[in-house]
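Chemist: Pasted the sequence and its predicted model underneath.
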Amino acid sequence: MSFQAPKGVSEYVPPRSATLEAAREAFAGSARLACYGYLETAVFEDTALFVRGVGESSDVVRKEMYSFEDRGGRELTLRPEFTAGVVRSVLEHNLHKGALPVKVWTAGPAFRYERPQSGRYRQFYQFDLEAIGTEDPAVDAETIAVAWDAYAALGITRLTLLLNSLGDKVCRPVYREALQKFLRALDLDAETRERIELNPLRVLDDKRPQVRAQLANAPVMTDYLCEACAAHHEVVRGLLTGLGIPFTDAPRLVRGLDYYNRTTYEFDHALLGAQSGVGGGGRYDGLSEDIGGPPLPGIGFAVGLDRIVLAIESERGAAAAHPGTGCQVFGVPLGERTHRDVLTLVTALRRAGVRADMAFGTRALKGAMRAADHSGARYAALIGEAERSHGTVRMKDLENGEQRDVPASEATAWLIERLSS
Ligand code: HAM
């Protein structure tokens with residue numbers, strides 16, 4: 001009997017896994033430049049944290065959580081997203097009692113029981129960034145700029161930034177009521193009618209043409225923003241323009257989690273079809289209080305690293321997308337007793353910071369050279385019986401085929417010099 005990973009688990013093996021790593025590193029690098037600190041936090045949390053934090057009316061909490069009871073009778077859930085856990089962790093470790101905002105990033109797997117398809121998985125990978133403790137609209141723009149620069153560093157160009165404001169506890173209830181009034185008058189199925197009462201904004205997200213057609217004249221939040229929210233939104237828009245970050249006003253943009261208010265945004269990729277959302281985020285000024293903390297406004301975003309990999313592949317082609325292992329030197333032992341010499345050489349190279357690999361097992365010259373070519377290395381370093389007795393290493397430049405014998409004692413220095421020129 002053989003096993004397969006459970007349905008919907010996304011896994012990465014070389015060489016494709018290098019693209020996932022590069023994606024996470026690009027976002028981490030951008031976050032570090034903006035002085036966000038690294039946070040490693042719980043993969044599972046009390047179920048109630050997500051129910052209260054993410055919200056009882058969200059699809060994520062109602063239908064998609066991996067919840068279980070542990071052996072001690074605790075109700076736990078694998079994180080379906082990071083934000084609620086990050087805020088919980090910030091509060092638990094009293095980071096909010098120091099300098100504000102608390103700026104942190106984290107990354108890893110998240111879990112949602114969704115219908116798997118390309119770009120949508122049950123175990124997927126997010127990079128997540130949060131700035132907690134200020135209402136300043138400049139931090140809204142900062143989070144967007146950090147994401148924007150990471151997409152750019154990855155060479156992702158077919159990207160649209162959708163921007164909206166969801167108002168706050170003053171103006172959203174007024175809008176919600178106006179929207180409900182409009183929606184109740186439409187011809188909709190029972191499930192959608194139920195949604196009007198539970199979470200009317202989500203109805204705006206309906207993808208079915210017969211529903212979309214009826215929504216053309218639906219009221220939009222931006223027309224209902226109170227003075228403070230409208231001013232905040234205008235500042236964010238102005239800051240983004242000043243930073244040279246193009247955006248599209250998306251007055252119908254609704255996010256799938258309940259904690260959002262004011263600034264919300266999504267990054268959409270043009271080539272990914274139905275799962276085009278490669279990242280999204282926004283403000284959650286009430287989340288801390290919802291989970292029993294003090295008033296503590298916050299904003300952040302998460303990107304789906306799986307979809308970033310797909311975006312890179314769709315723009316560059318799968319073959320060009322994966323950087324490989326980046327091996328620089330490949331050692332080739334020819335004959336039983338030469339393995340030790342080659343292992344000694346590649347170890348010395350590694351200790352000097354050179355990425356080096358070697359042929360294992362007993363391979364004939366042809367097979368070993370094929371492995372050297374496959375590794376992507378610039379140089380092959382061959383040691384056979386003859387080289388061994390002369391105390392030399394045969395260096396082969398795999399780009400132009402040139403060969404040359406170098407004294408074994410100088411081999412490391414010789415390779416380092418060639419590789420750095
Ligand atoms: P979200 O929009 O639910 O937001 O997820 C963020 C990103 O994760 C999405 O844009 C998408 O790229 C990716 N994603 C979500 N579900 C899946 C899935 N099933 N398979 C593959 N990728 C997926 C959040 O999670 C918020 N916590 C973001 C945030 C941070 N808001 C404020 N701070």
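Modeler: Great, that's in hand. Since this is a predicted model, take the numbers as computed values, not measurements.

Chemist: mind checking how far the residue in the chain that the ligand sits nearest to is from Leu76?
Modeler: With CB to the nearest ligand atom as the measure, Gly304 is the residue of the chain nearest to the ligand, at 2.3 Å. (Glycine included, C-beta is placed from N, CA and C.) As judged by CB to CB, to the nearest Å, Gly304 and Leu76 stand 24 Å apart.

Chemist: Who has more neighbours out of those two?
Modeler: Ranked by neighbour count (other CB atoms under 10 Å), Gly304 and Leu76 place Gly304 first, with 26 against 17.

Chemist: Quick check: that one vs Glu177, distance?
Modeler: Going from Gly304 to Glu177 by CB to CB gives 33 Å.

Chemist: And the pLDDT for the residue of the chain closest to the ligand?
Modeler: pLDDT for Gly304: 98.

Chemist: residues in contact with Leu183?
Modeler: Ile196, Pro200, Val203, Ala218 (CB atoms under 8 Å, 6 or more residues apart in numbering).

Chemist: Recalculate using a threshold of 10 Å.
Modeler: Shown in contact with Leu183 (CB atoms under 10 Å, 6 or more residues apart in numbering): Thr192, Arg193, Arg195, Ile196, Glu197, Pro200, Val203, Leu204, Gln214, Leu215, Ala218, Pro219.

Chemist: so which helix or strand takes in Ala311?
Modeler: Of the helices and strands defined by DSSP states H and E, Ala311 is found in helix 305-316.

Chemist: CA atoms of that helix as CSV?
Modeler: This file holds the C-alpha atoms of helix 305-316, laid out as CSV (Å, rounded to 0.1, in the frame of the first residue of the first chain):
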residue,chain,number,x,y,z
LEU,A,305,2.7,32.1,-1.7
ASP,A,306,1.3,29.3,-3.8
ARG,A,307,-0.4,31.8,-6.0
ILE,A,308,2.8,33.9,-6.2
VAL,A,309,4.6,30.7,-7.5
LEU,A,310,1.8,30.3,-10.1
ALA,A,311,2.0,34.0,-11.1
ILE,A,312,5.8,33.7,-11.6
GLU,A,313,5.3,30.5,-13.7
SER,A,314,2.6,32.1,-15.7
GLU,A,315,4.7,35.2,-16.5
ARG,A,316,8.0,33.4,-17.1
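
Chemist: That helix - contacts with which helices or strands?
Modeler: Applying 3 or more CB pairs under 10 Å, 6 or more residues apart in numbering; DSSP states H and E, we find helix 305-316 packed against helix 17-33, strand 102-111, strand 123-132, helix 137-153, strand 261-269, strand 277-283, strand 298-304, helix 318-321.

Chemist: quick one, that helix and helix 17-33 angle?
Modeler: Put simply, helix 305-316 runs at 110 degrees to helix 17-33, going by axes from the mean of the first three to the mean of the last three CA atoms, to 10 degrees.

Chemist: angle of helix 305-316 against helix 137-153?
Modeler: Helix 305-316 runs at 50 degrees relative to helix 137-153, counting by the same axes, to 10 degrees.

Chemist: In JSON lines: the helices and strands packed on helix 305-316, plus distance to Asp397.
Modeler: Shown next, in JSON lines, are the helices and strands packed on helix 305-316 (distance: least, CB to CB, whole Å):
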{"stretch": "helix 17-33", "distance to Asp397": "25"}
{"stretch": "strand 102-111", "distance to Asp397": "39"}
{"stretch": "strand 123-132", "distance to Asp397": "39"}
{"stretch": "helix 137-153", "distance to Asp397": "31"}
{"stretch": "strand 261-269", "distance to Asp397": "40"}
{"stretch": "strand 277-283", "distance to Asp397": "41"}
{"stretch": "strand 298-304", "distance to Asp397": "40"}
{"stretch": "helix 318-321", "distance to Asp397": "24"}
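
Chemist: Report whether stretch 117-130 contacts the ligand.
Modeler: Yes: interface with the ligand: stretch 117-130 contributes Arg120, Tyr121, Phe124, Gln126, Asp128, Glu130 (CB under 6 Å from any ligand atom).

Chemist: rewinding a little: what's the angle from the helix holding Ala311 to strand 102-111?
Modeler: Going by the same axes, to 10 degrees, helix 305-316 makes 90 degrees with strand 102-111.

Chemist: Start and end of stretch 251-259, how far apart?
Modeler: Stretch 251-259 has an end-to-end distance of 18 Å (criterion: CA to CA, to the nearest Å).

Chemist: Tell me the gap between the lowest-mean-pLDDT helix or strand in the chain and the middle of its chain.
Modeler: The least trusted helix or strand in the chain, going by mean pLDDT, DSSP states H and E, turns out to be helix 318-321, with a mean of 80. Going by CA atoms, centre = their mean, to the nearest Å, the spacing between the C-alpha centre of helix 318-321 and its chain's C-alpha centre is 19 Å.

Chemist: List of residues touching that helix?
Modeler: With contacts defined as CB under 10 Å, 6+ apart, helix 318-321 is touched by 15-16, 18-19, 22, 155, 309-315.

Chemist: Leu154 contacts Phe127, doesn't it?
Modeler: No: using CB atoms under 10 Å as the test, Leu154 is too far from Phe127 to be in contact (11.5 Å).

Chemist: Mutual contacts of those two, please.
Modeler: Listed as contacting both Leu154 and Phe127 by CB under 10 Å, 6+ apart are Ala23, Glu25, Ala26, Phe27, Ser30, Ile308.

Chemist: JSON lines for those, including neighbour count?
Modeler: Listed next are the shared contacts of Leu154 and Phe127 as JSON lines, based on neighbours: other CB atoms under 10 Å:
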{"residue": "Ala23", "neighbour count": "28"}
{"residue": "Glu25", "neighbour count": "15"}
{"residue": "Ala26", "neighbour count": "22"}
{"residue": "Phe27", "neighbour count": "28"}
{"residue": "Ser30", "neighbour count": "23"}
{"residue": "Ile308", "neighbour count": "27"}
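
Chemist: Determine which two of these are furthest apart.
Modeler: The most widely separated members of these are Ser30 and Ile308, with 12.6 Å between them, by CB to CB.

Chemist: Mind listing the shared neighbours of those two?
Modeler: Common neighbours of Ser30 and Ile308 (criterion: CB under 10 Å, 6+ apart): Phe127, Ala150, Tyr151, Leu154.

Chemist: nearest spatial neighbour of the last one, skipping sequence neighbours?
Modeler: For Leu154, ignoring the flanking residues on the chain, the nearest one in space by CB to CB, 6 or more residues apart in numbering is Ala26 at 4.8 Å.
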